[in-house]
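S.K.: what's the 3D shape of this:
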Amino acid sequence: MTKKEILHGNRIIAVFMEKKLSNSGLGIVAPAGFDLFFSYHTSWDWIMPVIEKIENLEPHGYRFTISSTFIRVHTCKNGSGDSDEYNCTVFEGKLKCTWYAVVEFIKWYNTLQ
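M.R.: Now for the predicted structure:
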């Protein structure tokens, strides 16, 4: 992934999370008013709240499966997890693959809105 792709993906995530983008466009405005550079692609602490939001989306939510070889996002219709909306093969470690799956899922989800 290029720096440009990472920045674009992080912006997509920040908008999905309803964060205020900094004037520089390189991060978000923290509650204390200072800028925080995006860390969705480098920190589980940043990406896990995004996954939790996705898992709680209405009407039925989604489920993430993170394994050593793939990341999968399932639809949770009737609690069955019966269809895959997105799959990603782990290629640069679990965190980067999870980040990529989150970005691609949000792009897909935004087309439904």
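S.K.: so where is this protein shaky, pLDDT-wise?
M.R.: The chain contains residues with pLDDT under 70 at 33-34, 76-87, 90-91.
S.K.: and if we set it to 50?
M.R.: 81 (pLDDT under 50).
S.K.: what about the strands in it?
M.R.: Taking DSSP state E as the test, the strands found in the chain are 27-29, 35-37, 62-66, 70-75, 83-89.
S.K.: And for residue 96, nearest residue in space, chain neighbours not counted?
M.R.: The spatial neighbour of residue 96 that comes closest, neighbours along the chain excluded (Cβ to Cβ, 6 or more residues apart in numbering), is residue 41 at 6.5 Å. The way it works is simple: take the backbone N, C-alpha and C, and place the C-beta from them, glycine included.
S.K.: you'd agree that neighbour is up against residue 97?
M.R.: No: counting by Cβ atoms under 8 Å, residue 41 sits too far from residue 97 to count as a contact (10.6 Å).
S.K.: which of these two has more neighbours?
M.R.: residue 41 (21 against 18; other Cβ atoms under 10 Å).
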